[in-house]
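Undergrad: sequence below, structure please.
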Amino acid sequence: MPKAQETVLEIDLNSLEHNYHYLRSKITPGVKMLGVVKAFAYGSDSVAIAKRLEKIGIDHFAVAYTKEGETIRSGGIEKPVLVLHPQTHSFQALIDHCLTPSLYSLYILKEFIKKAEQLKLENYPVHININTGLNRLGFDPDDIEEVISIFQNTSAIKLVGMYSHLAASEDMALKDFSQSQIVNFIATSEKIIAAFNHKILRHMCNTSGILNYPEASFDMVRSGIGLYGYGNSSEHDSHLKPVATLKTIISQIHHIKKGESVGYNRGFIANRDTITATLPLGHADGISRIYGKQKTAVLINGEEAPIIGNVCMDMLMVDVTDIDCKEGDEVIFFGKERSAEKFANRAGTISYELVTAISQRVKRLIID
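TA: The predicted model follows:
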């Protein structure tokens with residue numbers, strides 16, 4: 001990889017391809033795979049990621065909101081795109097871009113039918129979300145008889161998929177709960193299948209579901225974080241490659257005397273003569289204040305440099321007293337050398353929050 005000359009998020013498409021094939025190897029041949037590219041493809045570049053995944057054989061995509069689906073459609077993506085959380089105001093745009101809505105409540109189902117009938121649509125494809133215990137979005141299993149009846153009384157939309165979401169697939173201490181969700185989904189989905197004469201895709205597994213609950217693969221699996229290099233456990237992480245590497249450079253080096261302070265509100269007081277490096281990256285770039293005050297560290301020339309004091313909006317400072325470095329040297333926050341999961345965990349958060357927070361003002365560099 002090239003040495004950084006500025007703040008940059010490198011996106012390695014070869015690592016993405018490696019992760020895709022590893023996850024494919026864990027599912028039964030014939031089971032479809034859906035790639036989740038919401039939130040700028042987990043903080044990277046949704047169009048670049050989606051184009052590579054489409055090229056190597058992904059079957060479906062998913063985004064959170066319609067605007068995200070519009071973006072990848074405009075980037076040339078042709079495979080089905082599921083919008084997981086559509087809102088009524090975006091129905092027209094969703095239809096205009098041939099996106100597939102996930103319908104999750106009686107209200108949203110009826111409103112989408114109303115829109116589809118106004119436009120005189122026939123058999124517009126939709127999925128439904130079934131709530132099996134996450135209690136976030138989805139039809140209650142008790143609503144399913146009414147849902148079936150509504151579908152059977154319109155020709156404007158067609159049920160082509162149904163899914164649920166495992167609440168704790170990465171936590172084997174909650175295995176009984178996950179298995180109860182799977183049983184619940186099977187019972188509810190079989191009731192739906194019996195009411196229709198056409199194929200309806202069933203999907204439930206997220207990344208950790210693929211790895212821990214292969215019996216719940218059904219017709220399709222969904223992978224988000226796994227495609228980007230994280231398997232929610234050290235065992236699975238060892239088989240995956242982080243796609244994104246966040247780098248910057250040292251802007252300035254300061255020599256701080258014992259007792260002097262660094263940063264806003266004197267967030268760091270030197271207990272010895274200290275050398276600090278100022279980096280051009282701050283909480284406006286996605287490195288929030290939770291990472292300050294020595295909770296975590298960056299890598300400079302292979303050595304850990306703790307983040308000291310309070311992270312500023314556009315800059316942060318690190319302790320380089322014991323590191324041989326100079327202004328202009330490369331600094332690595334996370335990536336292949338040290339994972340986003342490890343960086344995040346030391347501050348009490350998770351890789352998902354860290355990688356999706358990287359600001360759009362950080363330059364993306366596609367590595368192919």
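Undergrad: please pull out the lowest mean pLDDT helix or strand from this protein.
TA: One helix or strand of the chain scores below all others by mean pLDDT, DSSP states H and E: helix 234-237, with a mean of 81.
Undergrad: what's near enough to touch residue 64?
TA: 38-39, 83-85 (Cβ atoms under 8 Å, 6 or more residues apart in numbering). C-betas here are computed from N, CA, C, even on glycine.
Undergrad: got a list of contacts for the helix or strand encompassing residue 67?
TA: Per DSSP states H and E, residue 67 falls inside helix 66-74. Here helix 66-74 makes contact (Cβ under 8 Å, 6+ apart) with 37-39, 46-47, 50, 61, 63, 81, 83, 86-87, 90, 93-94, 97-99.
Undergrad: on that earlier part again, out of the contacts of residue 64, which is most surrounded?
TA: Sorting the contacts of residue 64 by how many neighbours each has (other Cβ atoms under 10 Å) puts residue 83 first, at 28 neighbours.
Undergrad: wait, that residue touches residue 61, no?
TA: No. Contact between residue 83 and residue 61 fails when scored by Cβ atoms under 8 Å: they sit 9.9 Å apart.
Undergrad: show the residue spans covered by the strands in the stretch 201-350 of the chain.
TA: Assigned by DSSP state E, counting those that start in this stretch, the stretch 201-350 of the chain shows strands spanning 201-203, 220-223, 244-249, 252-256, 261-262, 268-269, 274-279, 297-300, 303-308, 316-319, 330-334.
Undergrad: before we move on, the earlier item: so which of the contacts of residue 64 would you say is closest to residue 304?
TA: When the contacts of residue 64 are compared for distance to residue 304 (Cβ to Cβ), residue 39 wins out at 28.4 Å.
Undergrad: buried residues in stretch 84-95?
TA: Using 16 or more other Cβ atoms under 10 Å as the test for burial, stretch 84-95 gives 84-86, 90-91, 94-95.
Undergrad: and the strands of the stretch 201-350 of the chain: which comes nearest residue 75?
TA: Proximity to residue 75 (Cβ to Cβ) singles out strand 244-249 among these, at 18.3 Å.
Undergrad: tell me where this structure is predicted with low confidence.
TA: Residues of the chain meeting the criterion pLDDT under 70: 1-2.
Undergrad: center of it, which residue is that?
TA: What sits nearest the mean C-alpha location of the chain, by Cα atoms, centre = their mean, is residue 42, with 3.8 Å.
Undergrad: so it, which of the three states?
TA: Applying DSSP: H, G, I helix; E, B strand; the rest coil to residue 42 yields a three-state assignment of helix.
Undergrad: and what of the one 10 residues further on?
TA: Taken by three-state DSSP, the conformation at residue 52 corresponds to helix.
Undergrad: JSON lines for the strands of the stretch 201-350 of the chain, including mean neighbour count and distance to residue 7?
TA: Shown next, in JSON lines, are the strands of the stretch 201-350 of the chain (neighbours: other Cβ atoms under 10 Å; distance: least, Cβ to Cβ, whole Å):
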{"stretch": "strand 201-203", "mean neighbour count": "23", "distance to residue 7": "37"}
{"stretch": "strand 220-223", "mean neighbour count": "24", "distance to residue 7": "28"}
{"stretch": "strand 244-249", "mean neighbour count": "24", "distance to residue 7": "4"}
{"stretch": "strand 252-256", "mean neighbour count": "14", "distance to residue 7": "15"}
{"stretch": "strand 261-262", "mean neighbour count": "16", "distance to residue 7": "20"}
{"stretch": "strand 268-269", "mean neighbour count": "18", "distance to residue 7": "22"}
{"stretch": "strand 274-279", "mean neighbour count": "22", "distance to residue 7": "8"}
{"stretch": "strand 297-300", "mean neighbour count": "22", "distance to residue 7": "12"}
{"stretch": "strand 303-308", "mean neighbour count": "20", "distance to residue 7": "15"}
{"stretch": "strand 316-319", "mean neighbour count": "24", "distance to residue 7": "11"}
{"stretch": "strand 330-334", "mean neighbour count": "23", "distance to residue 7": "9"}
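Undergrad: fine, thanks again, bye for now.
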